[in-house]
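Novice: Show me how the following folds:
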Amino acid sequence: MGRYRPPAPQGAPYITAAGRRRLEAELEALWQRRAGVTRALAAAAAEGDRSENAEYIYRKKELREIDRRIRYLQKRLPTLKVVDTLPSDRSRVFFGAWVILEDAAGSEHRYRIVGPDEFDPEQGWISLDSPLAKALLKKAVDDEIRVHTPQGECRYLITGVEYEDA
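Specialist: Sure, this is the predicted structure:
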């Protein structure tokens, strides 16, 4: 058996304008960080025997991680489509919507549907590619949705849909 794994499928190519600005700022910061790591790597390489030089080995790994992320961002940024217009029907759930859900226990949850490159569970941002977001799309207030999770099926009632002005 080989170690080959097929590449992961690309996420949806949509992103908010703020998300795109964050990715561009990250790319710029990575280029600046790379310059510093390259200088430190050159200094570590000048110390002599590289096989037992922990600083050299660490800097090589760090440079590899930075280059991997830069390569990803350079490929991904040109393919992204910025969604900065609000939908004509704001009563339904579309990209960029804040959705308020009520579960079976009566607890409320608030999520925003964003692109896969900007999701952040701590802020309540969920990816457009997630099962919950897919179940929510095109639904309206008072619709009930079902989401299959590893723990079983969850049911939610949509109690609110809001959009931020672009």
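
Novice: where in this structure is pLDDT low?
Specialist: Residue ranges of the chain with pLDDT under 70: 1, 166.

Novice: Now do the buried residues in the longest helix anywhere in the chain.
Specialist: Criterion DSSP state H: the longest helix present in the chain is helix 17-45. Using 16 or more other Cβ atoms under 10 Å as the test for burial, helix 17-45 gives Gly19, Arg20, Leu23, Leu27, Leu30, Arg34, Val37, Ala40, Leu41, Ala44. Placement of C-beta: from N, CA and C, glycine included.

Novice: can you pull the contacts of Phe95?
Specialist: Contacts here follow Cβ atoms under 8 Å, 6 or more residues apart in numbering; on that basis Phe95 touches Tyr14, Val83, Ile113, Val114, Gly115, Leu128.

Novice: bridging residues for the fourth one?
Specialist: Pointing back at Val114 there. Ser127 (DSSP bridges).

Novice: Touching, Thr79 and Pro13? I think so.
Specialist: Yes. Judged on Cβ atoms under 8 Å, Thr79 makes contact with Pro13 at a distance of 5.3 Å.

Novice: and these two? which has more neighbours close in?
Specialist: Counted by other Cβ atoms under 10 Å, Thr79 and Pro13 do not tie: Pro13 has more neighbours, with 14 against 9.

Novice: which ones are touching the closest residue to Thr149 other than its chain neighbours?
Specialist: Closest residue in space to Thr149, ignoring its immediate chain neighbours: Pro131 at 7.4 Å, by Cβ to Cβ, 6 or more residues apart in numbering. Counting by Cβ under 8 Å, 6+ apart, Pro131 touches Val147, His148, Thr149.

Novice: Let's see if you can find the most crowded of those residues.
Specialist: Within the contacts of Pro131, most neighbours by other Cβ under 10 Å means Val147, with 17 neighbours.
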